[in-house]
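Engineer: what follows is a protein structure lacking sequence information:
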Ligand code: NDP
């Protein structure tokens, strides 16, 4: 790493080497969303660099010690990696603040979580087992789980370190090699993590990080015939396009796309607790989370009381400089995201929803150059409005009143997404009945969010397919081989 004129410059990481320039000679600049200034730049890598990285990953898969390593040794390496990530937590977190605009507290939490993800999958590396199958008396039949091959990971900008760990940890634990394409807005943490991987003893070529644009580097990775699987997190329209490109080589694809989560408050819920969770889940991380609880369904009998509680909870949220330890919410990650978020405020006004608070940039002169927006709540929002149906990816939430259980289930499911859903009730029957009826990959009752390395996570409908985390993700990164040996005695 080196810097000139205060701009940090990093190369691509291919086959254990730092590649300072791409073939096209261009660079991608990363803007600090807290002040709008360029703080880092990386090579604008394209098809040539992706090909070099994939060839390196393919060689590492077939010809390096990686493929001959005992699974327990692979696990030990990943465990060491997790320890080194923890040791360099502040450095990675600082990069995340400048790149993505996460608050220092959120960035430190993410780096700590990434280390925990590597720890979990380090432990899993030597527990990926097959089965014996009693198909016929004379057959010794068994299955074994093999790595799929070279994995391509395409990351979003909203939680770069965490999303890196969600893909790299299970992929390497299963014995694959990987090429990571971070988002153009946030390339630095993945490059730092690549440097740490080398220190942890992960051999050259096993892990490669190639920064570049989605439609060049990303697409070249998806199209590459030597890539066996793409693990993608991002927008569903990008996933739809990627699925078409991946079809030509019939490669595996898992995609974690957006969400528009219903967060349902039944009248019997612990309302103050639910209000705190609803405010924090709608506004935390400046609303830039796929699990955002941005459709807050409130039962009519407690509607007014709950909106009051929400306003009180939101009032305590401090928007400001992400480096200030008192800040709860930093800026939007880019000017484009800020414009998109503010456009939904206009849309909600046009749709005649009632603004309760927020709806604009903060007044403080110190925040004027950053991409900040205040936590924003609209009340009496119709479920068929754009605010209730479309993913804003900013801190703009909608309160939608409802009469009873049947109505809310129908309304909550009436959306193109299905990633997560939240429910607050003290009634056990309601909890399980509604848990079954809600269409989402995860249902969180009396807690929101509830993400954990051991719990499968992923969507239904346009939120995508495939699962991350837990034992379930190992299906995505291994393929099952069936072996049959005829043990019939020829002499009988
Ligand atoms: P995008 O879909 O725009 O981008 C995601 C990644 O795909 C980026 O690295 C992007 O590159 C790349 N990409 C873009 N076009 C192509 C292409 N043609 N071929 C290959 N790769 C491509 O999403 P965002 O980065 O804007 O992330 C926000 C979205 O991600 C939100 O919708 C959010 O809900 C979702 N998300 C989902 C999560 C989940 O777990 N389900 C978690 C986090 C976010 P580039 O950076 O150059 O655009």
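Structural biologist: Thanks, I have the structure now. Everything numeric in this text was worked out from a predicted model, so none of it was measured.

Engineer: list the contacts of the residue nearest to the spatial centre of the chain.
Structural biologist: Most central in the chain under Cα atoms, centre = their mean is residue 163, positioned 4.4 Å from the mean C-alpha point. Remark: with contacts taken as Cβ atoms under 8 Å, 6 or more residues apart in numbering, residue 163 is in contact with 155-156, 233. From N, CA and C alone the C-beta is placed, and that goes for glycine too.

Engineer: same question for residue 337.
Structural biologist: Taking Cβ under 8 Å, 6+ apart as the definition of contact, the neighbours of residue 337 are 288, 371, 393-394.

Engineer: and the ligand, which of those reach it?
Structural biologist: The subset of those lying close to the ligand, counting by Cβ under 6 Å from any ligand atom, consists of residue 393.

Engineer: residue 327 contacts residue 285, correct?
Structural biologist: No: at 11.9 Å, residue 327 does not count as touching residue 285 under the criterion of Cβ atoms under 8 Å.

Engineer: which of the two has more residues huddled nearby?
Structural biologist: A count of neighbours by other Cβ atoms under 10 Å puts residue 285 above the other of residue 327 and residue 285, at 24 against 18.

Engineer: quick one, phi psi at that one?
Structural biologist: According to degrees, to the nearest 10, the main-chain angles of residue 285 amount to phi 50, psi 30.

Engineer: nearest residue to it in space, please, no chain neighbours.
Structural biologist: If the residues on either side of it in the chain are set aside, residue 285 comes closest to residue 106, at 5.9 Å by Cβ to Cβ, 6 or more residues apart in numbering.

Engineer: torsion angles phi and psi at the closest residue to residue 327 other than its chain neighbours?
Structural biologist: Excluding its sequence neighbours, the residue lying closest to residue 327 (Cβ to Cβ, 6+ apart) is residue 320, at 4.2 Å. Residue 320 has phi and psi values of phi 180, psi -170 when expressed as degrees, to the nearest 10.

Engineer: mind listing what residue 39 touches?
Structural biologist: By Cβ under 8 Å, 6+ apart, the neighbours of residue 39 are 6-8, 30-32, 98-99.

Engineer: host element of it?
Structural biologist: If you go by DSSP states H and E, residue 39 is part of strand 37-43.

Engineer: next: residue 431.
Structural biologist: Remark: residue 431 resides in helix 428-437, with elements defined by DSSP H and E.

Engineer: go on, residue 141?
Structural biologist: Following DSSP H and E, one finds residue 141 within strand 139-147.

Engineer: mind listing residues that contact that strand?
Structural biologist: Here strand 139-147 has contacts from 61, 128-135, 174-176, 474, 477-487, using Cβ under 8 Å, 6+ apart.

Engineer: figure out how far whatever helix or strand comes next after that strand is from the centre of its chain.
Structural biologist: Tracing the chain past strand 139-147, the next element assigned as helix or strand by DSSP H and E is strand 150-154. Counting by Cα atoms, centre = their mean, to the nearest Å, strand 150-154 is centred 14 Å from the centre of its parent chain.

Engineer: check stretch 371-384 too.
Structural biologist: Centre-to-centre, stretch 371-384 and its host chain are 23 Å apart (Cα atoms, centre = their mean).

Engineer: tell me how far the ends of that stretch are from each other?
Structural biologist: This stretch, stretch 371-384, spans 29 Å end to end (Cα to Cα, to the nearest Å).

Engineer: quick revisit: surely the residue nearest to the centre of the chain is within a strand?
Structural biologist: No: when DSSP: H, G, I helix; E, B strand; the rest coil is applied, residue 163 is found to be helix, with no strand at that position.
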